[in-house]
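Q: got a predicted structure here, sequence first:
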Amino acid sequence: MLSTSLAFVALIIFVALVFDFINGFHDAANSIATIVSTQVLKPYQAVLWAAFFNFVAAFFVGMQVAKTVGTGIINPAIVDNALVLSALLGAIVWNLLTWWLGLPSSSSHALIGGLIGAGLVKGGLKVLVWEGITKTASFIIVSPVVGLLLGLVFMTGVLNLFRHSNVGKANRLFRRLQLLSAASYSISHGTNDAQKTIGIIALVLFSGGYLGPSFYIPTWVILACYLVIALGTMAGGWRIVKTMGTKITKLQPMGGFCAETAAAVSIIGASLAGIPVSTTHTITGAIMGVGAIRRLTAVRWGVAGNIVWAWILTIPISAMIAAGAYYTLNAVMR
C-alpha cells in the first residue's frame with residue numbers, strides 16, 4: 001500500500017528535511033538580525049557564523065524536545081504517513097507565507113498546529129496529548145515574556161556595570177562579545193528547532209515499524225537534521241532580518257549582546273526541559289526588553305503587535321491547512 005511503502009516513507013523524510021531547511025531559512029533572521037543590525041558582521045559573515053553553530057548544536061543537550069514532538073502532541077499509535085505529511089505541508093505553507101510577508105512567526109508552532117489539525121481529522125479530540133499541547137501552547141506567552149524580562153535584567157546589569165566607561169570603548173568590547181552571544185544563540189536555536197524535525201522523522205520511522213518496538217532516535221537522523229537546518233540558515237531569510245534587526249527597536253552592540261544572551265539562556269533552558277518553544281518569540285521578546293530599557297517609546301509597539309498577531313494565528317491556520325491536506329491525501333490514496 002502506498003501510504004506504508006518504503007518509497008512513501010522516503011518521500012515524507014524528504015519533505016521533513018525540506019521543512020527543516022525552511023525552518024533554518026525562515027529563522028536565520030533570528031540568529032543574525034541583531035549582529036547584522038549592530039554592524040558587528042556583514043550579512044554573509046553572520047550567516048556563515050550562525051550556520052556553523054546551528055550544526056555544532058548537534059553535540060549539545062539531549063533529544064528531549066524531539067521526544068516531545070514525536071510522542072507528546074498526538075498519540076503515536078494513530079499516526080500514519082499521510083498524517084505526518086499533512087502536518088509538514090501545513091507548517092511549510094504557513095512558514096513560506098509569513099516569510100513572504102516578512103513576519104517572524106514560529107516554525108515550531110506551525111509544525112505543532114499541523115500535527116493537531118491532521119490528528120483531529122483522523123481521530124478527533126481523543127488522539128491529542130493535552131499535557132504536551134498545553135505545555136507547548138503556554139510557552140507562546142511564557143517564552144517571549146521570559147526573553148523580555150531577561151533582556152531587561154541583562155541590559156540593566158550591563159548598563160550599571162559600564163556606567164563609568166567610555167561609550168566608544170564599551171561598544172568596541174561588546175562588538176567582540178556579540179560574536180560569542182550570537183554563537184550561543186545559534187547553538188540554542190539548533191538545540192530546539194532541529195529537534196522538531198528529528199522528532200517528526202523518528203515518529204515516521206517508528207510508526208512504520210523501522211525502529212523496532214521501542215521509540216528511539218537514530219544518529220543519522222540527528223546529523224542529517226542539524227546539517228540541513230544549518231544549510232537553511234546559510235540560505236538567508238533576508239525579508240525577516242529587517243523586521244527583527246531594525247523595525248522593532250534600534251540596537252547597539254551592547255543591546256545586541258544582551259538580547260542574544262537573554263534569548264540563548266531562555267531557549268537552552270526550555271530545551272533541557274524538553275519544551276519545543278519558539279526561538280522567534282523568545283528573541284523578539286528579548287529585543288523588546290532591551291529596547292524598553294531606554295524608554296518604552298524606543299520599541300515600535302505597532303510592529304510588535306503585528307508580530308504577536310502572527311504568533312496567535314500560527315497554530316490555528318497551520319492546523320486548518322494540514323486538515324485540508326489530510327482530507328485531500330486520503331481522497332487521492334483511496
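A: Perfect, thanks for sending it. This structure is a prediction, so every number in the text was calculated from the model and none was measured.

Q: count of neighbours near the spatially closest residue to Ile312 that is not a sequence neighbour?
A: Nearest residue to Ile312, sequence neighbours excluded (Cβ to Cβ, 6 or more residues apart in numbering): Ile140, at 7.9 Å. Bear in mind the C-beta positions are built from the backbone N, C-alpha and C, glycine included. Per other Cβ atoms under 10 Å, the neighbour tally for Ile140 reads 19.

Q: show me what the helix or strand harbouring Ile140 is packed up against.
A: Here Ile140 sits within helix 130-161, counting by DSSP states H and E. The helices and strands touching helix 130-161, judged by 3 or more Cβ pairs under 8 Å, 6 or more residues apart in numbering; DSSP states H and E, are helix 107-123, helix 253-272, helix 279-294, helix 301-333.

Q: only the buried residues of it, if you could.
A: 132-133, 135-137, 139-140, 142-144, 146-148, 150-152, 154-155, 158 (16 or more other Cβ atoms under 10 Å).

Q: that helix vs helix 253-272, what angle?
A: Using axes from the mean of the first three to the mean of the last three Cα atoms, to 10 degrees, the inter-axis angle of helix 130-161 relative to helix 253-272 is 150 degrees.

Q: export the helices and strands packed on helix 130-161 to CSV and tack on mean neighbour count, distance to Phe52 and mean pLDDT?
A: Shown next, in CSV, are the helices and strands packed on helix 130-161 (neighbours: other Cβ atoms under 10 Å; distance: least, Cβ to Cβ, whole Å; pLDDT from 0 to 100):
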stretch, mean neighbour count, distance to Phe52, mean pLDDT
helix 107-123, 27, 20, 89
helix 253-272, 26, 15, 88
helix 279-294, 28, 17, 79
helix 301-333, 18, 28, 79
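
Q: those: which one's closest to Leu227?
A: Distance to Leu227, taken as Cβ to Cβ, is lowest for helix 107-123 among the helices and strands packed on helix 130-161, at 17.0 Å.

Q: can I get the closest one in CSV, CA atoms only?
A: Presented in CSV, the C-alpha positions along helix 107-123 are these (Å, rounded to 0.1, in the frame of the first residue of the first chain):
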residue,chain,number,x,y,z
SER,A,107,8.2,27.2,12.7
SER,A,108,7.7,25.2,15.9
HIS,A,109,4.1,26.1,16.5
ALA,A,110,3.4,25.8,12.8
LEU,A,111,4.5,22.1,12.9
ILE,A,112,2.6,21.5,16.1
GLY,A,113,-0.5,23.1,14.6
GLY,A,114,-0.1,20.9,11.6
LEU,A,115,0.0,17.8,13.8
ILE,A,116,-3.1,18.9,15.7
GLY,A,117,-5.1,19.7,12.6
ALA,A,118,-4.3,16.4,10.8
GLY,A,119,-4.7,14.4,14.1
LEU,A,120,-8.1,15.9,14.7
VAL,A,121,-9.3,15.0,11.2
LYS,A,122,-8.2,11.4,11.7
GLY,A,123,-9.2,10.6,15.3
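
Q: still on that earlier bit, pretty sure the residue nearest to Ile312 contacts Gly113?
A: No. Counting by Cβ atoms under 8 Å, Ile140 sits too far from Gly113 to count as a contact (11.0 Å).

Q: so how far is the host helix or strand of Tyr44 off the chain centroid?
A: Assigned by DSSP H and E, Tyr44 belongs to helix 43-56. The chain centre lies 16 Å from the centre of helix 43-56; the measure is Cα atoms, centre = their mean, to the nearest Å.

Q: same thing with stretch 74-87?
A: Going by Cα atoms, centre = their mean, where stretch 74-87 is centred and where its chain is centred differ by 21 Å.

Q: for stretch 32-49, same thing?
A: 19 Å.

Q: same check, this time on stretch 131-141
A: 14 Å.

Q: tabulate the CA atom coordinates of that stretch in CSV.
A: Provided in CSV are the C-alpha atoms of stretch 131-141 (Å, rounded to 0.1, in the frame of the first residue of the first chain):
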residue,chain,number,x,y,z
GLU,A,131,-0.3,17.7,28.6
GLY,A,132,2.2,18.2,25.8
ILE,A,133,0.0,20.6,23.9
THR,A,134,-0.8,22.7,27.0
LYS,A,135,2.8,22.9,27.9
THR,A,136,3.8,23.9,24.4
ALA,A,137,1.0,26.4,23.9
SER,A,138,1.6,28.1,27.3
PHE,A,139,5.1,28.9,26.1
ILE,A,140,3.6,31.1,23.3
ILE,A,141,3.2,33.6,26.2
